[in-house]
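Visitor: Just need the structure, nothing else, for what follows:
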Amino acid sequence: MELPAAFLQAMERLLGPEYPVFLQSYQQPPRRGLRRNPLKCGQPQLEAALPFALEPTAFSPLSYAFAAGEEGVGRLPAHHAGLFYVQEPSACSAVTVLDPQPGEKVLDLCAAPGGKSTQIAGLLAGEGLLWSNEIVKSRAQALLSNVERLGVPNAVVSSCHPQRLCQSLQGFFDKVLVDAPCSGEGMFRRDPAAVAQWSPESPAACAQRQRAILDSAALAVREGGVLVYSTCTFSREENEDNVRWFLSAHPEFALLPIEAGFGRPGVGDLPVRRIYPMDGGEGHFVAKFQRVGENVDKVGPFTAYLSRREEGEFQGLFEELFTCHWPGSAARFGDRVVLLPQGLPELSGLGVLRAGVELCHQKGKRWEPSHAVFQAAHKEDCRQSLELPWDAPELLAFLRGEEIPCEGKGYTAVCAGGVPTGFGKASGGRLKNHYPKGLRLLS
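Guide: Residues are numbered from 1 along each chain as shown. The predicted structure is shown next:
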């Protein structure tokens, strides 16, 4: 791998005597990893669904490394079912430092493609609220797809400018994550495109953009709340220099020490954390702040719920699909009906793509169940289900969009390892496939 000369010179100045070890790490393959989704499975279930071994990492109890030679991980049925998210191990470090707890309101301000958001969701365990935002609309759609695949029931996904979003939701969140767009130096070993896009001017230009995002993020944190800033780069301009700038520009925040069993201290005397390729990851930086100054939450609640008459209609559909209790909060957005999490703020004007879980969508004059509601369901709550082994030819056929044999009649969850992967409609011994065309396996 040929690295830019200006980058190498900067790293030699930064690392001093450790520079040769850093350079040698680029002769090794990038570390590959995945993160278990606790909303869907425990570790034994995950291991049973995979054809390769997992090695725990220091970055999160949910993070595992696997052999560099494994290919086609994203095509595995367990990936389609949302049991895991493919994620470089050190990328889990920021959320580990954020430490979201069930019941908290958490904002992931720069969330695409969704690795850190879905990690937060797993730790919230379906309680509280996750707001995942991505300013670039196309990337926000990819974010939404991952949030739905992992069965997150309590998320809002939006595509909104950070300044507008944080002004509208001032003081609303217990915790905010800014995993900022950066010069990507920590991606060089695994992504040649990151090397090609880098220039000597990249760190300074990115640092200015990051400061604007941090300015916005500060608005959204409640008094006593936590803000975590992370990058996947090594430059001081984007890391320690931005931390010092933020503390100067925002005296209402204090820098908290990070107690972690990974990485190493930052440059200088700041209690931040750095991760290099020789530390078992690819490259990350994390800093943790707490708002010590006042920030009044004036955010109004969401009120556009279904009327009692409308709710009765869709409750009937829900009870046709599931045996569990009707969640109790739903709304209609155009031709879609969604099941909403509790504690939702006003959504208008914030570029919301989806809130909660899509129950159904309109097709002509009728309402049809949506894939997302089965992705968020548990097998034991499904009124009808078809259980298949992970290596069953019928499961692969289902994921390709084909009809498969199935007894019974009506909407049926297709499960593997006790986990729904999608659904179809059974009739006459066959299951008509409802797996979304854009998600299907290609033969």
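Visitor: Parallel or antiparallel, which strands does the stretch of helix or strand L177 belongs to pair with?
Guide: Take DSSP states H and E as the rule and L177 turns out to sit in strand 173-179. Using DSSP bridges, strand 173-179 pairs in its sheet with strand 105-108 (parallel), strand 221-231 (parallel).
Visitor: P29 contacts A68, doesn't it?
Guide: Yes. Between P29 and A68 there is a contact under Cβ atoms under 8 Å: 4.2 Å. Heads up, the C-betas are built off the backbone N, CA and C, glycines and all.
Visitor: For stretch 298-318, measure first residue to last.
Guide: 34 Å (Cα to Cα, to the nearest Å).
Visitor: Tell me the gap between that stretch and the middle of its chain.
Guide: Its chain's average C-alpha position is 27 Å from that of stretch 298-318, according to Cα atoms, centre = their mean, to the nearest Å.
Visitor: ok, and what's touching it?
Guide: 168-172, 326, 329-332, 337, 339-340, 344-347, 359-360, 367, 369 (Cβ atoms under 8 Å, 6 or more residues apart in numbering).
Visitor: Likewise for stretch 124-132?
Guide: Against stretch 124-132 from outside (Cβ under 8 Å, 6+ apart): 38-39, 100-108, 111, 114, 117, 120-121, 143, 147, 152-158, 169, 173, 341-344.
Visitor: Tell me where the stretch 1-150 of the chain has strands.
Guide: 32-36, 55-56, 63-66, 84-86, 105-108, 129-133 (DSSP state E, counting those that start in this stretch).
Visitor: Tell me the buried residues in stretch 9-16?
Guide: For stretch 9-16, burial by neighbour count (16 or more other Cβ atoms under 10 Å) applies to 10-11, 14-15.
Visitor: Revised request: answer the last question for stretch 426-438.
Guide: 426, 431, 433-435.
Visitor: Let me see the mean pLDDT of that stretch.
Guide: For stretch 426-438, mean pLDDT is 97.
Visitor: Centre of the chain to that stretch, how far?
Guide: The answer for stretch 426-438 is 29 Å, by Cα atoms, centre = their mean.
Visitor: Span of it from start to end?
Guide: For stretch 426-438, the end-to-end distance is 22 Å (Cα to Cα).
Visitor: Give me the subset of the contacts of stretch 298-318 lying in strands.
Guide: 330-332, 337, 339, 359-360, 367, 369 (DSSP state E).
Visitor: From those, list the buried ones, please.
Guide: Looks like those have 330-332, 337, 339, 359-360, 367, 369 buried, using 16+ other Cβ under 10 Å.
Visitor: Next, give me the two most distant ones among these.
Guide: With distances taken as Cβ to Cβ, the most widely separated pair in these is A331 and P369, at 16.9 Å.
Visitor: what's the domain layout of the chain?
Guide: Annotated domains of the chain cover 5-291, 303-339+347-377, 384-443 [automatic domain parsing].
Visitor: between those, which gets nearest to D297?
Guide: Among these, domain 5-291 comes nearest to D297, with 3.9 Å by Cβ to Cβ.
Visitor: any idea of the mean pLDDT in the closest one?
Guide: 97.
Visitor: ok, back up a step: nearest to E403, of the strands of the stretch 1-150 of the chain?
Guide: Among the strands of the stretch 1-150 of the chain, strand 84-86 comes nearest to E403, with 27.7 Å by Cβ to Cβ.
Visitor: quick one: strands adjacent to that closest one?
Guide: If you go by DSSP bridges, strand 84-86 pairs up with strand 32-36 (antiparallel).
Visitor: Return the member of the buried residues of stretch 9-16 nearest to D391.
Guide: M11 (45.2 Å).
Visitor: Return the residues in contact with the closest one.
Guide: Shown in contact with M11 (Cβ under 8 Å, 6+ apart): 19, 22, 234.
Visitor: make it 10 Å
Guide: 3, 18-19, 22-23, 185, 234-235, 276 (Cβ atoms under 10 Å, 6 or more residues apart in numbering).
Visitor: ok, so of these, who is nearest L83?
Guide: Y276 (30.0 Å).
Visitor: you'd agree the closest one is up against V21?
Guide: Yes. Counting by Cβ atoms under 10 Å, Y276 does reach V21; the two are 8.7 Å apart.
Visitor: and for these two, which residues touch both?
Guide: With Cβ under 10 Å, 6+ apart, Y276 and V21 have common neighbours L15.
Visitor: ok, the nearest residue to Q167 once chain neighbours are set aside - contacts?
Guide: Closest residue to Q167 apart from its sequence neighbours, by Cβ to Cβ, 6 or more residues apart in numbering: L219 at 5.9 Å. Shown in contact with L219 (Cβ under 10 Å, 6+ apart): 162-163, 165-173, 176, 295.
Visitor: In ChimeraX, how would I select the buried members of those?
Guide: Per 16+ other Cβ under 10 Å, the buried members of the contacts of L219 correspond to this ChimeraX selection:
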select :162,165,166,168,169,170,171,172,173,176,295
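Visitor: would you list the contacts of L219 in JSON lines and tack on distance to A377?
Guide: As requested, the contacts of L219 are exported to JSON lines (distance: Cβ to Cβ, whole Å):
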{"residue": "P162", "distance to A377": "33"}
{"residue": "Q163", "distance to A377": "37"}
{"residue": "L165", "distance to A377": "30"}
{"residue": "C166", "distance to A377": "33"}
{"residue": "Q167", "distance to A377": "36"}
{"residue": "S168", "distance to A377": "32"}
{"residue": "L169", "distance to A377": "29"}
{"residue": "Q170", "distance to A377": "35"}
{"residue": "G171", "distance to A377": "34"}
{"residue": "F172", "distance to A377": "29"}
{"residue": "F173", "distance to A377": "28"}
{"residue": "V176", "distance to A377": "30"}
{"residue": "N295", "distance to A377": "37"}
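Visitor: out of the contacts of L219, who's nearest S199?
Guide: P162 (24.4 Å).
Visitor: Which residues are in contact with that closest one?
Guide: Applying Cβ under 10 Å, 6+ apart to P162 gives the contacts 107, 109-110, 133, 135, 178, 212-217, 219-220.
Visitor: In space, what's closest to it - neighbours in sequence excluded?
Guide: S216 (4.0 Å).
Visitor: can you give me phi and psi for the one you found?
Guide: Dihedral pair for S216: phi -70, psi -50, per degrees, to the nearest 10.
Visitor: Counting neighbours, what do you get for it?
Guide: S216 has 19 neighbouring residues, counting by other Cβ atoms under 10 Å.
Visitor: swap in P51?
Guide: Using other Cβ under 10 Å, P51 is surrounded by 11 other residues.
Visitor: Chain neighbours aside, what residue packs nearest to M278?
Guide: S25 (4.7 Å).
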